[in-house]
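Undergrad: got a sequence here, can you build the structure:
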Amino acid sequence: MAKKDTYYAGRVLKLGLLDQDKLLSALRDSISIKYRGNAWTFLDVIEYQQSGHHYFFGRLSKYAPEGEVGVVDEKTRSEKKQAEPNLLVASSPFVYIPSHSGIAFLNVSGHIEMRTFIRRFCEIIEATHQNFFVDCDIELVSDLKSFSAKLSSLQGIFKIEAKVSPPNPLFSPLWEPLEKYLRGRNTDRMTIVEDAPEADTLKTDLPQLVEAASLQTEDSAFLPELEIPVGDAAILMAADGYGSGTVRGRRDDEVIIIKTSETALNFTFDKTPAPEALYLRTLKIFERIEKQRHMEHGE
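TA: Coordinates of the predicted model:
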């Protein structure tokens, strides 16, 4: 039986001069970068584009340029070290789906964990374009039901922080006004901080909004009567994978910090997947998100 492990789902944000074409060219022909004695690059990258399907599959790989391995010396019955240039240390398979700006990648415990994958993936993309006014980021998509459960446990919210970027190509009607504002201002990234007066709480319906959003089905959309306030909309936008958000609240006498990244959408799949199989599983997840959250394509 094939060994399985955890994959995370997120969206690749393209900022500065980085656009879809530049991102794809970096995936097709990336360079290697070095970090603390190890090198990192994309290996075994394939691009599939036919019959309406388009995806990239590859492996983010960590290797030792001056590696060494242990070998047995039969004469002395001892182990000796032997030089092994470019010794592969670990690889994390990933799939990127351009139509959703969506990515899924394997969490490799001890070597290429979630945050490490995000940092190294983006550094390779940026370095391939000589770091010339290009900025890449990956934001994880939140599981709204898990996020809602955490928020509903709060007895009050006193601080909301969010960092969001305009989406491409999808957007949600719940935060469409904020998306239009960002595009109208030609804003690449916006940071929002709302802080209540000391010993007080914000006037926000965020827990109820997230709960309503999480209960949407393909046949039943959540349509709020009033436009969602900008701070709440930014958190919802972050939860859809277009930023990061943090909510600080109280439960009894305890301060509780809830991050959108802590409720990241994940799934279990083969550690050494067939490219098409990983693509189809990931596509199904992003299509379900699009339908259940009633996301729409921009212009």
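Undergrad: and for H294, the neighbour number?
TA: By other Cβ atoms under 10 Å, the residues close to H294 number 17. Bear in mind the C-beta positions are built from the backbone N, C-alpha and C, glycine included.
Undergrad: that one contacts L223, doesn't it?
TA: No - under the criterion of Cβ atoms under 8 Å, H294 is not in contact with L223, lying 9.1 Å apart.
Undergrad: between these two, which contacts overlap?
TA: P173 (Cβ atoms under 8 Å, 6 or more residues apart in numbering).
Undergrad: helices of the chain, start to end?
TA: Along the chain, counting by DSSP state H, helices occupy 20-28, 114-128, 144-152, 176-184, 206-214, 230-237, 275-292.
Undergrad: okay, A196: pLDDT?
TA: In this prediction, A196 carries a pLDDT score of 96.
Undergrad: grab the nearest non-local neighbour of S30.
TA: Of all residues not flanking S30 in the chain, F42 sits nearest, at 4.6 Å (Cβ to Cβ, 6 or more residues apart in numbering).
Undergrad: right, and that neighbour touches K62 too?
TA: No - here F42 lies out of contact with K62, judged by Cβ under 8 Å, at a distance of 11.4 Å.
Undergrad: in terms of neighbours, single out the busier of these two.
TA: Higher neighbour count among F42 and K62: F42, with 24 against 20, using other Cβ under 10 Å.
Undergrad: how far away is the more buried one from L27?
TA: Plainly put, F42 is 7 Å away from L27 if you go by Cβ to Cβ, to the nearest Å.
Undergrad: quick check: neighbours shared by these two?
TA: Residues touching both F42 and L27 (Cβ under 8 Å, 6+ apart): G58.
Undergrad: identify the residues contacting stretch 277-294?
TA: Contacts for stretch 277-294 (Cβ under 8 Å, 6+ apart): 7, 9, 48, 53, 55, 57, 93, 95, 97, 100, 102, 104, 141, 144, 170, 172-173, 213, 216-218, 221, 240, 265, 267, 269-270, 295.
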